[in-house]
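K.L.:
Next input, structure requested:
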Amino acid sequence: MLGLYSAAMARFSTRTGRSLEPNELALEVGRRRSLGAPLLDLTVSNPTAAGIEYPTDRIAAALALTAGAVYRPDARGLSRAREAVSADYARRGVDVGPNRILLTASTSESYAFLFKLLCDPGDTVLVPVPSYPLFEHLAALECVEAVPYPLVYHGSWRLDLEALASAVDARSRAVIVVNPNNPTGSFLRPEELQGLQLLAARHGLAIVADEVFACYDWSGARDQLPELCGDLPALTFCLGGLSKAAGLPQMKLGWLIARGPAPLVEAALSRLELVADTFLSVGTPVQEAAAALLEAGEEIRGRITERCRANLRALPGLMRGHPACEALPVEGGWSCVLRLPRTCGDEERVLGLVREDGVLVHPGYFFDFANEGYVVASLLTNPAAFREGIGRLLARSDSGF
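P.N.:
Prediction:
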C-alpha cells in the first residue's frame, strides 16, 4: 500500500505555498558559477565569507568552556548569557537589565516568538518598505499577514507616519521598524519615534524594533536613534544578536529586549517564556560562551567597520563623472543604494550586468522599492571587487542599459 502513495497525494499547509522555483536571475548566476566564469558578487552579506580576518583562536577558546557539557535549560536563557548581553549594551551606554532580556537562536526566531505572542491567525503586522524581504515569509509561517507601510525619500529616508496610521485597522497587532533600515541605512529620528509611540499606544499596538545593525553608525548624527531605550509608552521589543553585532552568524544566538509599561512588559515576558520553554532552541555552549564571544566580537566588528568605511569612502570618487547616477546617503548598516537612470527595467539591468559584465547586485524589487531604477550593493564586499564592480555598473548605466 505504501508504494501507492505519491507526492501528488500529499497535503501541505498554505503557509509554505509560495513558489520554490528559482527566478531568472538566480538561474543565470547558478549557470555562470557552474561554468566557472568570474563573477564580482556585490551582494555578499555573510561576513565570514567576505575575506575578513577572524580571531579564530579566541572563538575556539570561548566554545571550549566545559560548562557547555551540562544541560540546565532556562527558557529565558542562562542568566550568565543574559548578563553578558546586558553588559555589552552597557558598554555602549544603554541600560538593559538582564531580567528584560530573552534569548533566542536568531532574530528570525525572535520574530516568530513575537508573532506567536501578539497575533492570532489572520491578524496583521505592519512592515516597512523598502526593507529586507523576510517579514512576509516569517509572518506567513505564523498565519499572520505582513502589511506594508512606506519609507519615503526626500534627500533622506523617513517614516511616512500618515501612511502608517492609515494602514492600521482592527486586525493590526504590531509595527515593525528596522533601525537602521536594511538596505536604506536610515536611522529613526526622535520625532519619528514619538509619533510611532503615540500611534502604537493609541491603537494598542506593540512596536518591534530590529536593531541588528545599530552598532554600525556611519553618520554620527545627533538627531538619530541607534537604539530605542528609556521609558517608552508603548510595549516595545528591541531585537539584536551575535550575527551582526559580533559578525558571528554561525553562532546562532539572538535576543529580544522588552521595554514599555512595567505591567505589559512582565505579562509579555511571562508569555514569551512559555513560548521559549516549548522550543528550548538556544544551545548551551553558545550561551556559556556569550561573554567571550561578545568580547571577540568587538575585534570582528572593528574589522567589519573598516571594510564598510573603506567602501563608503570610495563611493564619491566612483560616482564622479556619472551625473545621471546617485549614491544615496548611508547612515548605517552594511548596504548602499544606488539610483540609476530608468533606461530599462531592474530585472533586465541586473541580468545584463551578470551576463555582460560579470557583476551581481541586488535589484531594487528584491527590497520592494516602490519604483524601478534602484540597485543595492553590499559594503562587506572586498574593496577591490567593490570598486571594480561599481565601476562596471556605472559604465553599463552610462551606455543606456
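
K.L.:
From here on, just use CA atoms for contacts and neighbour counts.
P.N.:
Fine.

K.L.:
ranges for the strands of the chain?
P.N.:
With DSSP state E as the criterion, the chain has strands at 40-41, 101-104, 124-129, 145-153, 157-159, 172-178, 206-210, 236-241, 254-259, 326-327, 335-339, 359-360, 362-363, 374-378.

K.L.:
Pick the most deeply packed of the ones you listed.
P.N.:
Greatest average neighbour count among the strands of the chain goes to strand 101-104 (a mean of 27), per mean count of other CA atoms under 10 Å.

K.L.:
Render the CA-only coordinates of that one in CSV, please.
P.N.:
Only the C-alpha atoms of strand 101-104 are listed here, as CSV (Å, rounded to 0.1, in the frame of the first residue of the first chain):
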residue,chain,number,x,y,z
ILE,A,101,16.2,40.0,28.0
LEU,A,102,15.0,36.8,26.4
LEU,A,103,17.5,34.7,24.3
THR,A,104,16.6,33.1,21.0
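
K.L.:
before we move on, back to that, could you dump the strands of the chain into TSV with distance to Trp218 and mean pLDDT added?
P.N.:
Output for the strands of the chain, formatted as TSV (distance: least, CA to CA, whole Å; pLDDT from 0 to 100):
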stretch	distance to Trp218	mean pLDDT
strand 40-41	23	97
strand 101-104	27	98
strand 124-129	22	98
strand 145-153	19	97
strand 157-159	15	95
strand 172-178	16	98
strand 206-210	18	97
strand 236-241	19	96
strand 254-259	23	96
strand 326-327	15	96
strand 335-339	11	97
strand 359-360	25	97
strand 362-363	22	96
strand 374-378	15	97
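
K.L.:
could you redo those as a markdown table and give each row distance to Ala384?
P.N.:
Listed next are the strands of the chain as a markdown table, based on distance: least, CA to CA, whole Å:
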| stretch | distance to Ala384 |
| --- | --- |
| strand 40-41 | 10 |
| strand 101-104 | 37 |
| strand 124-129 | 31 |
| strand 145-153 | 30 |
| strand 157-159 | 29 |
| strand 172-178 | 30 |
| strand 206-210 | 31 |
| strand 236-241 | 29 |
| strand 254-259 | 32 |
| strand 326-327 | 18 |
| strand 335-339 | 16 |
| strand 359-360 | 13 |
| strand 362-363 | 19 |
| strand 374-378 | 13 |
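
K.L.:
mind checking which of those strands is nearest Leu294?
P.N.:
Proximity to Leu294, assessed across those by CA to CA, is greatest for strand 236-241 (9.9 Å).

K.L.:
Tell me the strands beside that closest one, with direction?
P.N.:
strand 206-210 (parallel), strand 254-259 (antiparallel) (DSSP bridges).

K.L.:
Can you say which of the strands of the chain is nearest to Arg320?
P.N.:
Taking CA to CA, strand 326-327 is the member of those nearest to Arg320, at 9.6 Å.

K.L.:
Just the buried positions in stretch 76-87, please.
P.N.:
Of all the residues in stretch 76-87, those buried under the rule 16 or more other CA atoms under 10 Å are Arg76, Gly77, Leu78, Ser79, Ala81, Arg82, Glu83, Ala84, Val85, Ser86, Ala87.

K.L.:
Over to stretch 68-78?
P.N.:
Under the neighbour-count criterion of 16+ other CA under 10 Å, stretch 68-78 has Gly68, Asp74, Ala75, Arg76, Gly77, Leu78 buried.

K.L.:
Number of residues surrounding Ala67?
P.N.:
Neighbourhood size, Ala67 [other CA atoms under 10 Å]: 13.

K.L.:
any idea how far it is from Leu393?
P.N.:
Taking CA to CA, to the nearest Å as the measure, Ala67 falls 51 Å from Leu393.
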